[in-house]
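# what's the 3D shape of this:
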Amino acid sequence: MDWKLEVVVVPVSDVDRATRFYAEQVGFVVDHDTRIDDDTHIVQLTPPGSACSIVVGAGIVESTPGSAKGLQLVVSDIEAARAELVERGVETGPIVHYDGADQVEGRGEAWNSFIYFSDPDGNSWAVQERPAVDAG
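Residues are numbered from 1 along each chain as shown. Reported below is the predicted structural model:
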């Protein structure tokens, strides 16, 4: 049996602001934006090419806005990903890699290049470059 991660809830203080950030600045696709009642608002967004989505909303979790730390995306080109985020106005750190236990600026070897950003509430994201898959 396959067990697939479908949704990760990201706690936010302002659903509309978070939706704009993730859709317009980060580039996630809005799958649905549903208001169930005055207290419940659910927005599901999916990163391009991902099988897993995030949900931001009101009335769905009791977690503190900004408490999601260490969310991670993978991309095939870390430099292009960083340029896209910066162009869209996302405050993004430099490309870094691990040198032993320390992170230092610059690209690393396969699986060892990262950038970091946070949403307006402080939920933090890592973006990791993964090696291209050989189609041969």
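
# C-alpha only now, for contacts and for neighbours.
Fine.

# After the longest helix anywhere in the chain, which helix or strand is next?
Longest helix of the chain, by residue count under DSSP state H: helix 78-87. Next along the chain after helix 78-87, taking DSSP states H and E as the criterion, comes strand 96-99.

# What's the local residue count around the nearest residue to residue 64 once chain neighbours are set aside?
The shortest distance from residue 64 to any non-neighbouring residue, by CA to CA, 6 or more residues apart in numbering, is to residue 11 (6.3 Å). Using other CA atoms under 10 Å, residue 11 is surrounded by 25 other residues.

# Check residue 88 too.
14.

# and what of the one 5 residues further on?
Using other CA under 10 Å as the criterion, residue 93 is surrounded by 15 other residues.

# before we move on, which element is the residue lying closest to residue 123 once chain neighbours are set aside in?
The shortest distance from residue 123 to any non-neighbouring residue, by CA to CA, 6+ apart, is to residue 66 (4.3 Å). Using DSSP H and E, residue 66 falls within no helix or strand.

# Hmm, residue 18 and residue 66 touching each other?
No - if you go by CA atoms under 8 Å, residue 66 and residue 18 don't touch, sitting 11.0 Å apart.

# what touches both of the two?
Residues touching both residue 66 and residue 18 (CA atoms under 8 Å, 6 or more residues apart in numbering): 12, 119.

# more crowded one of these two?
Neighbour comparison, residue 66 and residue 18: the larger count goes to residue 18, with 21 against 17 (by other CA under 10 Å).

# wait, is the more buried one part of a strand?
No - according to DSSP: H, G, I helix; E, B strand; the rest coil, the state of residue 18 is helix, so it is not within a strand.

# and residue 45, how many residues sit next to it?
Counted with other CA under 10 Å, residue 45 comes out at 22.

# meant to ask about residue 121
Residue 121 has 18 neighbours, counted by other CA under 10 Å.

# wait, what's in contact with the closest residue to it other than its chain neighbours?
Excluding the flanking residues, the one nearest residue 121 by CA to CA, 6+ apart is residue 66, at 4.6 Å. Residues in contact with residue 66 (CA under 8 Å, 6+ apart) are 10, 11, 12, 119, 121, 122, 123, 124.
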